[in-house]
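J.: Sequence first, then the predicted structure, then my questions.
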Amino acid sequence: MSSLNDVCREIIGTVDGALACGVVDVNTGLLLGVAHNVPYFTQSYLDAVAAAATDMVRGKTVRAVENLLSTQRGKKLENSIKEILMTTEATYHFMAIIPQKPHCLIVLITSKKTNMGMGWAGVRSNTDKLAALCP
């Protein structure tokens, strides 16, 4: 049986330019599974990326905006962020909530040589596999 680490390894093996892939529990900020091919990605670095990703989709400021929108619209809005694409000088970060497990977030980090469509395909085409393995 595959593990989350195995599926993450498959993803970085199939997306050209992929550097790392992980699954984060956005309720706790814990890294549930990861694979990477970057020697300086230490455990503390990976944990920091997981915490930052959690803050981007479920953080205090996101909840504050959702509360304001809830008040304005007259209906409860929460956990509204489903996908994010973030760019840095040298990388793309593809992030998506796994629909079947809304507490699990997949994060794929690639070089900027990666085709964006292929990055999203790598993320979206593996949500079922990851959902089956997420706690």
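T.: Structure received.

J.: what's in contact with the longest strand along the chain?
T.: Secondary structure of the chain per DSSP state E: the longest strand is strand 101-111. Strand 101-111 has contacts (C-beta atoms under 8 Å, 6 or more residues apart in numbering) with 11-12, 15, 17-27, 32, 36, 49-50, 53-54, 57, 79, 90-98, 119, 122-123, 126-127, 130-131, 134. Yep, even glycine has a C-beta here, placed from its N, CA and C like the rest.

J.: Name every strand pairing with that strand and say which way it goes.
T.: Sheet pairing here is set by DSSP bridges, and for strand 101-111 it gives strand 18-25 (antiparallel), strand 91-98 (antiparallel).

J.: just checking, next helix/strand downstream of that strand?
T.: helix 116-124 (DSSP states H and E).

J.: That next one - what's its average pLDDT?
T.: Mean pLDDT, computed over helix 116-124, is 98.

J.: other SSEs contacting that helix?
T.: Under the contact definition 3 or more C-beta pairs under 8 Å, 6 or more residues apart in numbering; DSSP states H and E, helix 116-124 sits against helix 4-14, strand 18-25, strand 91-98, strand 101-111.

J.: Most tightly packed of these?
T.: Among these, strand 18-25 has the highest mean neighbour count (mean count of other C-beta atoms under 10 Å), at a mean of 24.
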